[in-house]
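Enquirer: based on what follows, work out the 3D shape:
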Amino acid sequence: MVGLFWEEWEVGKSFTSAARTVTETDIVMFAGISGDYNPLHINEEYCKKTQFGTRIAHGPLVYAIAAGLLFQLHLYDDTLIAFLGFENLRFTKPVKIGDTIHAKVTVTEVTETSKPDRGVMKRLLQVINQNGDVVQEGVQAFLLHKKPA
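Expert: From the prediction side, this is the model:
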């Protein structure tokens, strides 16, 4: 399967992933992998006294789940050269155990590069919970292959 080439990413076009529920296991496993054992993620009693009232997911975990959900759309299979980075990644609301999230991306910019076989595509990533609240957002930049001649 081949994903979308640079020319096929039209400004304003959106794609939405499937949804997935964030579990306690996700948070515990991410703490172990990342070494981030902040009590906001792993200590329920501590969290009862915070503004959140319970444990919350790590921001990078939420992004990783969203990235995986988007990968399942196969939008850049064999067309992605590199993920160039984020602009203004923001964590706008907490994600708690049992929240169900999905990702939406909207193309914001497509630009030529100095090499004729590739271009840059920027898109707004929004991670949205079961209530329709945006819990994370930022602009991503990707270097993509152009259609072969």
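Enquirer: residue 111 reaches residue 120, doesn't it?
Expert: Yes: because the distance of 4.9 Å satisfies Cβ atoms under 8 Å, residue 111 is recorded as touching residue 120. No exception for glycine: its C-beta is placed from N, CA and C like everyone else's.
Enquirer: looking at those two, which one has more neighbours?
Expert: Neighbour comparison, residue 111 and residue 120: the larger count goes to residue 120, with 18 against 10 (by other Cβ atoms under 10 Å).
Enquirer: and residue 126, what element?
Expert: Using DSSP states H and E, residue 126 sits in strand 118-128.
Enquirer: next SSE downstream of that strand?
Expert: strand 134-145.
Enquirer: quick one: buried residues of that next one?
Expert: In terms of neighbour count (16 or more other Cβ atoms under 10 Å), strand 134-145 has its buried residues at 135, 136, 137, 138, 139, 140, 141, 142, 143, 144, 145.
Enquirer: hey, what's the fourth one bridged with?
Expert: Right, the one you point to is residue 138. residue 125 (DSSP bridges).
Enquirer: what sits against it?
Expert: Residues touching residue 138, when contacts are defined by Cβ atoms under 8 Å, 6 or more residues apart in numbering, comprise 86, 87, 88, 89, 90, 124, 125.
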